[in-house]
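Peer 1: Sequence plus the predicted model coming up.
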Amino acid sequence: MRLQRLVPLWLTAASLLFYCWWRPANLPLLMGSMVFNYVLAGRLMQSRSKALLAAGVVANLLLLGVFKYTGFVAENLAWVTGAGWNIPHVILPLAISFFTFQQIAYLVDAHGGRISERNPINYCLFITFFPHLIAGPITHHGEMLSQFSDQSRFRPRWDFVGVGLTLFLIGLFKKVVVADPFGVTASPVFAAAAHGGGVRFVEAWTGALSYALQLYFDFSGYSDMAIGLGLLFGIALPLNFDSPYKARNIIDFWSRWHMTLTRFLTAYVYNPIVVSLTRRRAERRLPLPRRGRMSPGTFVALVAIPTVLTMLISGIWHGAGWQFVIFGLLHGLYLTVAHAWRTWRAHRGAPVRSDAPLVVVGSVLLTFLCVVVAQVFFRAENVAAALDMLRGMAGLNGITLPQPFGASDTVRALAGRLGIGIAPLPLFEESQAIRIVLFLAVVWTFPNAYQWLRGVPTALDARPRASWVERFTGQATWQPSVALGLAVGCLSFLSLMLAVSKAPTEFLYFRF
C-alpha cells in the first residue's frame, strides 16, 4: 500500500522527464504554469472573485499567445505598417495548447465551487500524465483526479495490460503503416500548391484525400496509443475519436472528432456565450426560444453567433495563420447551416434525420466533402496555397487524366470532346488511387477499435455502438486467444520494423 501511494509521485516525475527530453528549457515554463494555476485555484476557491478569475484566464492566454501567436501578429503588423521588422522564430513549447486549456477549465471550476480534490501531486499528474500530455485528449480534472486518488487503480491488472497493449499496437499500426505513407503522397501536392504550381484536378483530389486519410489515421492512431498507455498504468483516459468520417452531418462530426476539444469548447466557451446573450435578450424583452422554436433573429443571436465565435476560437487554437482562421470560420458556417436545417425541420414537424439508405449515404458523403474542403486550409502552408488546391479540385486549373486512360480509344475520344487532356501526371500514381479507395472503404465500413473491444474496459465511460458486422454475425468482438495474439504480434512486429527502419515522423497534432 505504501508503494502504491508513491505511484502518482513516480508517474509525475517520469512524465516531467518525458516532457523535457526533447527540450529541457521548456520544463520551467510547464512547472511555473502549474504552480501559478494551482495556487490561484486555491485562492479562487476561497474568494470566488470574478476579477481574479479573469486575471488568471488572461495570464494563461497571454502565455499561450506569446509563444504561439507572436510571430503571426508581428508579421501582419509589419505588412500593414510596411515596417521591415526582423521577426525572430519562437519555438513552440510542446503541449502548451493542451495544458493551457486544461488549467483554464480548472480555474473556472475552482471559481464555481466544483473542485474538491486539492492534492498537489495529483494535480501535477493531471496536467503532465505523459500519455495525454503532448497531443491530448484534453482531460478534465473531474475524471482524472478521482482516479489518481484511488490506490486500487495502481494495482497490476492483466486485463488492463492486455487491452492496453492491444490498443497501443493498433494505434502504432495506424500511424506507421497507414498514416505516414498517405503523408508521403499528400506532401508533394500541397508543396506544389504552395509554390503556385497550378495543381490539376486529379492531383489536387489525390493530395486532399490522402491528407484526409493521413490526418484520420494519424490522430486515430495517437488516440488509441494514448488510451492504451493509460490502461497500462491503470488509468482510463476519455475517448477522443469515434469514426468521425461516418458522421451524417457536421454536428455529428464534431461529436466524434477531437471529442475532448469539443467538450471543452462547449462547456467553457459556447455555453457561457449563449447564457450571457440569453440573459441580455431577456433583460431587453427580446424574443427567446420556445419549445425548440425560434425566430430568425433569435437563431442568429443565440445559435449562429455563438457557434461561429466558438469555432473561430477552435481554428485559432489549432494554429497561427489565416488559413486556420478560415478553417474555424468554415466549420462555424457548416455548424450554423446544420443547426438551421434542424430548426427548420423541427418547425415544420418533420423528422430531423432519416435512416433511408440513400439519405444516409448522401449525408455521409456531403459531410465528408465539407470536411475535406476545410482540411485543405488546415494543411496548406497559407491561404494562397489552399485556394490553389481548391481551384484544382474544382477543375479550374485544368483537368488532365493520367496516361493509362489513354489506352482506351473510347475514353480518349470522350476526353477530347470534353476538352480533357491525357498526359503523365508527376504527382499521381495509380497505386495511390487504389490505396485511397481501399482505405476510404475501411473507414466507412469497418468497426473501429473500440467497437471491436467493446466487451472489455477501454476508454473512460466509453459505450461504443455495436458495429454492423457484430449485429449481422453476432461476433467480430475481441476475445483473447492464441490466434489473435499471433495476428496482433505479427502486425506489431511489422509496425515496429517500419518505425525503426526510417526517420521518425511526428504525430500531426504535436504541432498544436
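Peer 2: Looks like it came in fine. Owing to the predicted nature of the structure, the values given are computational and were not obtained by experimental measurement. Residues are numbered from 1 along each chain as shown.

Peer 1: what's near enough to touch Tyr123?
Peer 2: Residues in contact with Tyr123 (CB atoms under 8 Å, 6 or more residues apart in numbering) are 34, 38, 106, 117, 141, 145. The C-beta positions use only the backbone N, C-alpha and C, and glycine is treated the same way.

Peer 1: Which residue ranges of the chain form strands?
Peer 2: Remark: strands assigned in the chain by DSSP state E are 400-401, 421-422.

Peer 1: Comparing these, which comes out most buried?
Peer 2: Highest mean neighbour count of the strands of the chain: strand 400-401, a mean of 19 (counted as mean count of other CB atoms under 10 Å).

Peer 1: who touches that strand?
Peer 2: Strand 400-401 is contacted by residues 200-202, 411, 415, 420-423, 425 when judged by CB under 8 Å, 6+ apart.

Peer 1: Quickly check those for the two that are furthest apart.
Peer 2: Farthest-apart pair in the contacts of strand 400-401 is Arg200 and Val411; separation 17.2 Å (CB to CB).

Peer 1: Comparing the two, which residue is more hemmed in?
Peer 2: Using other CB atoms under 10 Å, the more surrounded residue of Arg200 and Val411 is Arg200, with 25 against 15.

Peer 1: In contact with the more buried one, which residues?
Peer 2: Residues in contact with Arg200 (CB under 8 Å, 6+ apart) are 392, 397-400, 425.

Peer 1: how about 7 Å then?
Peer 2: 392, 397-400 (CB atoms under 7 Å, 6 or more residues apart in numbering).

Peer 1: so how far is Ala385 from it?
Peer 2: Computed as CB to CB, to the nearest Å, the Arg200 to Ala385 distance reads 15 Å.

Peer 1: just Val361 next, same as before
Peer 2: 32 Å.

Peer 1: Which of these two has more residues huddled nearby?
Peer 2: The neighbour count for Val361 versus Ala385, taken as other CB under 10 Å, is higher for Ala385 (23 against 12).

Peer 1: Test my guess that that one contacts Ala191.
Peer 2: No: with contact defined as CB atoms under 7 Å, Ala385 does not reach Ala191; the gap is 8.7 Å.

Peer 1: pLDDT wise, what is the nearest residue to Asp159 once chain neighbours are set aside at?
Peer 2: Once flanking residues are discounted, Asp159 sits nearest to Val456: 6.6 Å by CB to CB, 6 or more residues apart in numbering. pLDDT for Val456: 85.

Peer 1: Over to Ile326?
Peer 2: For Ile326, the predicted pLDDT is 97.

Peer 1: give me every residue that touches it.
Peer 2: Counting by CB under 7 Å, 6+ apart, Ile326 makes contact with 377, 383.

Peer 1: one more time with 8 Å
Peer 2: Contacts of Ile326 (CB under 8 Å, 6+ apart): 315, 377, 383, 386.

Peer 1: can you count the residues close to the residue nearest to Asp159?
Peer 2: Residues lying near Val456 (other CB under 10 Å) number 16.

Peer 1: If any of the contacts of Tyr123 are buried, put those into a PyMOL selection.
Peer 2: Those of the contacts of Tyr123 that count as buried under 16 or more other CB atoms under 10 Å are selected in PyMOL with:
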select buried, resi 34+38+106+141+145
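
Peer 1: least confident pick among the contacts of Tyr123?
Peer 2: Per-residue pLDDT puts Glu117 lowest of the contacts of Tyr123, at 83.

Peer 1: wait, isn't it in contact with Ser149?
Peer 2: Yes: at 6.4 Å, Glu117 and Ser149 qualify as touching, with contact defined as CB atoms under 8 Å.

Peer 1: Check the burial of the closest residue to Met225 other than its chain neighbours by counting its neighbours.
Peer 2: Spatial nearest neighbour of Met225, chain neighbours left out: Gly171 (3.5 Å); criterion: CB to CB, 6+ apart. Gly171 has 25 neighbours, counted by other CB under 10 Å.

Peer 1: which residues does Gly171 contact?
Peer 2: Taking CB under 8 Å, 6+ apart, one finds 220-226, 228, 449 in contact with Gly171.

Peer 1: again, only this time at 6 Å
Peer 2: Residues near Gly171 by CB atoms under 6 Å, 6 or more residues apart in numbering: 221, 224-225.

Peer 1: distance of it from Ala135?
Peer 2: Distance of Gly171 to Ala135, computed by CB to CB: 12 Å.

Peer 1: cool, Val184 as well?
Peer 2: Distance of Val184 to Ala135, computed by CB to CB: 21 Å.

Peer 1: More neighbours: which of these two?
Peer 2: The residue with more neighbours, out of Val184 and Ala135, is Ala135; 25 against 12, by other CB under 10 Å.
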